[in-house]
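Asks: Could you look at this predicted model? Sequence included:
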Amino acid sequence: MGKHRILILGGTTEARRLAERLAQRVDIEATISLAGRTVDPKPLPLPTRVGGFGGADGLVDYLANEKIDLLIDATHPFANRISANAAAASERSGLPVFALCRPGWERREGDQWMSVADVAGAVKALDGVARRVFLAIGRQEAGQFSAVPQHAYLVRSVDPVVPPLEVPDCRYILASGPFDEGDETRLLHENNIDVVVSKNSGGAATYAKIAAARALGIEVVMIERQKPAGLKTVGTVEAALELIDQMLPPA
Ligand code: NAP
């Protein structure tokens, strides 16, 4: 019997960790797929393909052409379209699928969160007096904050925000996690930040800004998740490895 063929939809720390584990398995041939948004992604220990598939139909074709046995959606909790495509492709092709998605952060004592449903809700939450805003939601949707130009912005992203925000006062930092709580506390304090805008991404790598905001008594506008339900989901790489062994017969 040949090796099991797995496609991991990636772009997250969890996908990378899963790739590291599967790269060591002699019974599995896995490929990781990236959307191609990050200009210079860190190298991965598995064969990597880059770019969209062309919707759910394109994904169905890819899965058939590559004789994939199992699809794993390990994309970011806010990457909704690709997850919906993974669910649709699995339904159409009958291929097993599951999602690896870290749990969201829970509100703790001392947190001053204003939970909103989406980026538009976060923009609306800032519709008031001028404040100093730390915007840490990634570059793709940062431009929406041009609608509330009265604030002074500090924007952090992995790649540059293009085009930049149409606001008079904005500075940009390029950095990728993991971030340290001491560094985040300094960043918020030294820049006199009044409010942090964050996605409820979950995981340890970007939690430090949330902990720092709590310690400094700074409000967080928290964009909550809207992942479409439907895919069986595990929260850790270990659980994903167990599920792989359950879903695939021994090679
Ligand atoms: P999205 O809105 O769900 O997906 C948009 C389109 O991008 C999909 O329809 C698909 O194109 C393509 N795509 C997305 N992920 C892909 C993958 N892993 N491999 C191949 N094609 C993919 O996704 P997004 O929010 O733009 O995120 C794009 C990537 O960045 C994802 O891999 C995600 O894990 C990562 N990421 C996202 C965020 C975030 O906040 N959204 C944060 C960190 C990392 P086709 O329909 O043509 O197949």
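Replies: Structure's in. What do you need? Residues are numbered from 1 along each chain as shown.

Asks: Surely I68 forms part of a strand?
Replies: No - the assignment for I68 is coil, going by DSSP: H, G, I helix; E, B strand; the rest coil, so no strand is present there.

Asks: Could I get the pLDDT score of V39?
Replies: Per-residue confidence (pLDDT) for V39: 83.

Asks: interface residues of this protein facing the ligand?
Replies: By the rule CB under 6 Å from any ligand atom, the part of the chain lying against the ligand is 9-12, 33-35, 37, 52-55, 58-59, 75-76, 78-82, 85, 138, 199. Quick note: C-beta positions are derived from backbone N, CA and C, even for glycine.

Asks: now the strands for the protein?
Replies: Assigned by DSSP state E, the chain shows strands spanning 4-9, 28-34, 48-50, 70-73, 97-100, 113-116, 132-136, 152-157, 170-174, 195-199, 219-223, 233-234.

Asks: Dump these to CSV, plus mean pLDDT.
Replies: Output for the strands of the chain, formatted as CSV (pLDDT from 0 to 100):
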stretch, mean pLDDT
strand 4-9, 98
strand 28-34, 98
strand 48-50, 96
strand 70-73, 98
strand 97-100, 97
strand 113-116, 98
strand 132-136, 98
strand 152-157, 98
strand 170-174, 98
strand 195-199, 98
strand 219-223, 98
strand 233-234, 96
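
Asks: if we compare the ones you listed, which one ends up closest to P250?
Replies: Nearest to P250 among the strands of the chain is strand 4-9; the distance by CB to CB comes to 9.4 Å.

Asks: how far is the closest one from where the chain is centred?
Replies: Its chain's average C-alpha position is 19 Å from that of strand 4-9, according to CA atoms, centre = their mean, to the nearest Å.

Asks: In CSV, list the C-alpha atoms belonging to it.
Replies: These are the backbone C-alpha positions of strand 4-9, laid out as CSV (Å, rounded to 0.1, in the frame of the first residue of the first chain):
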residue,chain,number,x,y,z
HIS,A,4,-1.3,8.5,2.5
ARG,A,5,-1.5,11.8,0.7
ILE,A,6,-2.6,14.8,2.8
LEU,A,7,-3.2,18.4,1.8
ILE,A,8,-2.8,21.0,4.6
LEU,A,9,-4.3,24.4,4.0
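
Asks: mind listing what that strand pairs with, with the direction of each?
Replies: strand 28-34 (parallel), strand 70-73 (parallel) (DSSP bridges).
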